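# Just the structure for this:
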Amino acid sequence: MVYNGGVKQERRQKRSFFDRRWVHPERRRFNNWALVAFGSAALAIFLHQYVIGLGVVSERSMLPTLPVGSSYLIHKYHYRWSLPQRGDIVIFRGPDEPRDLYVKRVIALPGDTLEIVRNQVIINGRPLPEPYAKGLTYPPTSPSRMEKGTCFVLGDNREESFDSRTFGPIPISSLEGKIAP
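You can find the predicted model right below:
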């Protein structure tokens with residue numbers, strides 16, 4: 001208290017949201033839980049949006065590697081700092097329908113020459129060993145060079161896959177992430 005000219009005045013102290021002196025213990029406990037809940041929700045949204053996600057296979061294009069109904073983790077940050085490698089299983093937005101997500105395997109990288117001859121994928125003049133591939137790889141194609149910033153993707157189940165043989169090479173910038181092995 002301060003006496004100003006004989007008049008008693010109380011000095012007002014700053015109140016803090018979590019100060020024990022000014023907040024009732026039950027209210028303080030609620031405030032702490034609210035802060036923890038809000039922080040956890042914000043962290044979960046950030047992680048789901050930018051770091052890691054969960055997906056479920058709904059089509060047969062990646063059989064036998066990813067069976068229908070199986071779930072997988074998506075590393076969304078992976079291609080922000082590195083380029084895809086041949087053999088990576090990636091997720092990307094569809095070229096025709098941006099709302100659709102596709103899961104395919106990277107076959108050819110920028111600068112590679114790709115050709116399909118007698119159901120065999122040829123990269124830079126050498127046959128690509130594909131123990132994961134199921135079915136025949138068709139139609140035959142003439143040699144084509146991948147442009148800078150694009151890659152060629154194929155599904156492992158070649159006879160039932162809607163992939164780069166249909167819509168052409170995809171931009172690397174459209175890759176949403178890499179599927180965790």
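
# OK, contacts around the closest residue to residue 51 other than its chain neighbours?
Nearest in space to residue 51, with sequence neighbours left out and distances taken as Cβ to Cβ, 6 or more residues apart in numbering, is residue 77 at 5.5 Å. For every residue, glycine as well, the C-beta is placed using N, CA and C. By Cβ atoms under 8 Å, 6 or more residues apart in numbering, residue 77 lies in contact with 50, 51, 52, 177.

# Show me the helices in this structure, by range?
Counting by DSSP state H, the segments of the chain that form helices are 25-46, 78-81, 164-167.

# Can you give me the buried ones in the last one?
Taking 16 or more other Cβ atoms under 10 Å as the neighbour-count basis, helix 164-167 is seen to contain the buried residues 164, 165.

# With stretch 99-117 instead?
101-110, 114-116.

# Out of these, flag the one nearest to residue 167.
Comparing the buried residues of stretch 99-117 against residue 167 with Cβ to Cβ picks out residue 102 as the nearest, at 9.5 Å.

# Which elements pack onto the longest strand seen in the chain?
Criterion DSSP state E: the longest strand present in the chain is strand 101-108. If you count contacts as 3 or more Cβ pairs under 8 Å, 6 or more residues apart in numbering; DSSP states H and E, strand 101-108 packs onto strand 89-93, strand 120-123, strand 150-154.
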